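Chemist: below are the sequence and a predicted model for it; my questions follow.
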Amino acid sequence: MNFREYLLLLLAMGAVTYIPRWLPLFALSQRKLPQWLIDWLGLIPVALLSALVAPTLFAAGEPRSLSFARPELLVAVPTFLFALKTRSLGGTALVGMLLYWLAGKYL
Amino acid sequence: MNAHPEKTNHSKGQKLREGLCAAWPICLGYFPIGLALGVLGQKAGLGPLQIGLMSVLVFAGSAQFIAVAMIAAGSSFGAIVTTTFVVNFRHFLMSSAMAVYLARVHRGFLSLFAYGITDESFAVNMTRFRQGDWDRWRALVVNHAANLTWVFATVTGALVGAFIPPGAFGIDYALVAMFLCLLVFQLQGRIYILTALIAGVFSVTWYLWVPGDSYVVVASVAAATVGYLLRRRRRGSKA
């Protein structure tokens, strides 16, 4: 692939990434949304976060399989408790890293 | 430290600082991932310029990893673009949920803001918007600080990443830990906890049975819908 083709590929990838990020904001922010939609959208963040992180904790990749003994899950328990107790985003990131690093060394 | 916090609370400098304070865990998490992407890109024959351009024009972590792998494997233009679209479609939901907090903001701002909607910036900004101590300028700082870190990290990876040992200091776990904490912030009542549990079970199940990345969108739409219906039924029975 030459540079021109590569640039075209990036522009196309950029367009299909940008448009879904842009269209709802552009279309929805200028009108009054019905209450049911606001209520439903209010549950989207918690659902998205859980859906994003759950497979990392409970499943191994390639080949995909269920697992309840991964270091990711083991470390997640104290990390989650730390977050619950301190409610500190940066602190939780650092504690999670430290525990994961220790788990990699000693487990 | 400023002597008149009540007066300067809304100054531009203050907003910039607060935005950066909120963004640093994201930046911390992006750095190793960006480095890794740069290294992979280099192995796939993409130089620092090509990688940097991709990060600027696309700005999407997992989609970029997949694209680099597909480029290395010689996949077709159409396949790479379609995959990118599917992988990034979850941002459609995030953008919809953000719209509630950016009502009646002018469209030039929204177009600039939309560029920086990622899983991480979305989660941080939504949490802060919900807490009520946030505005669109601080949110924009979060988006673009994350973007700059990402571009810088991926280019650095393409230049020097081969010398950095993988998994150093558990930094690979930074984003997972951050998501866990953001999830904690979102658990503001029984219906939220229930929705999170449903989303987790749906997501893992779909992840195991259906190849690809559709699990995020499918599980979150399904769980939010179930959660919404449960809440409506409970309210209905009370009334």
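Modeler: That came in fine, so what should we check first? Only a predicted model underlies this, so the values are computations on that prediction, with no experimental measurement involved.
Chemist: since we're on A:L7, how many residues are nearby?
Modeler: A:L7 has 15 neighbours, counted by other C-beta atoms under 10 Å in any protein chain shown. Every C-beta, even on glycine, is put in place using the N, C-alpha and C of the backbone.
Chemist: and it, that one's in a helix?
Modeler: Yes: A:L7: assigned to a helix according to DSSP: H, G, I helix; E, B strand; the rest coil.
Chemist: report the longest helix in chain B, please.
Modeler: In chain B, with assignment by DSSP state H, the single longest helix is helix B:12-43.
Chemist: hmm, B:R136 is touching B:L102, no?
Modeler: Yes: in this structure, B:R136 is within contact of B:L102 by C-beta atoms under 8 Å, at 6.0 Å.
Chemist: which neighbours do these two share?
Modeler: Common neighbours of B:R136 and B:L102 are listed as B:F113 (criterion: C-beta atoms under 8 Å, 6 or more residues apart in numbering or on different chains).
Chemist: which one of these two has more residues nearby?
Modeler: More neighbours surround B:L102 than the other of B:R136 and B:L102, with 21 against 17 (other C-beta under 10 Å).
Chemist: need the helix or strand of chain B with the lowest average pLDDT.
Modeler: Least confident element among the helices and strands of chain B, by mean pLDDT, DSSP states H and E: helix B:5-8 (a mean of 43).
Chemist: mind listing what the residue of chain B found nearest chain A touches?
Modeler: Closest to chain A within chain B is B:A177: 2.4 Å, counting by C-beta to the nearest C-beta. Going by C-beta under 8 Å, 6+ apart, B:A177 touches A:T79, A:A83, A:T92, A:A93, A:L94, A:V95, A:G96, A:M97, A:Y100.
Chemist: where's the last one relative to chain B, distance?
Modeler: Between A:Y100 and chain B the distance is 4 Å, computed by C-beta to the nearest C-beta, to the nearest Å.
Chemist: pLDDT score for the residue lying closest to B:A44 once chain neighbours are set aside?
Modeler: Counting by C-beta to C-beta, 6 or more residues apart in numbering or on different chains, B:A72 is the residue found nearest to B:A44 once chain neighbours are left out, at 3.7 Å. You'll see B:A72 listed with a pLDDT of 83.
Chemist: over to B:I164?
Modeler: pLDDT, B:I164: 65.
Chemist: state the distance from the residue sitting nearest the centre point of chain B to A:S65.
Modeler: Centroid check for chain B by C-alpha atoms, centre = their mean gives B:D119 as the closest residue, at 1.9 Å. Per C-beta to C-beta, to the nearest Å, B:D119 is found 24 Å from A:S65.
Chemist: B:P25 and B:V176 touch, don't they?
Modeler: No: using C-beta under 8 Å, B:P25 makes no contact with B:V176, being 11.6 Å away.
Chemist: what about the residue of chain A found nearest chain B, helix or strand, and which?
Modeler: Going by C-beta to the nearest C-beta, chain B is nearest to A:G96 of chain A, at 2.4 Å. For A:G96, the host element (DSSP states H and E) is helix A:89-106.
Chemist: list the buried ones in that helix?
Modeler: By neighbour count on 16 or more other C-beta atoms under 10 Å in any protein chain shown, the buried set for helix A:89-106 is A:89-101, A:103.
Chemist: would you list the residues you listed in TSV and tack on pLDDT and distance to B:V56?
Modeler: Output for these, formatted as TSV (pLDDT from 0 to 100; distance: C-beta to C-beta, whole Å):
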residue	pLDDT	distance to B:V56
A:L89	83	26
A:G90	84	27
A:G91	89	31
A:T92	91	30
A:A93	86	25
A:L94	89	29
A:V95	94	33
A:G96	93	29
A:M97	89	28
A:L98	93	33
A:L99	96	34
A:Y100	94	30
A:W101	92	32
A:A103	93	35
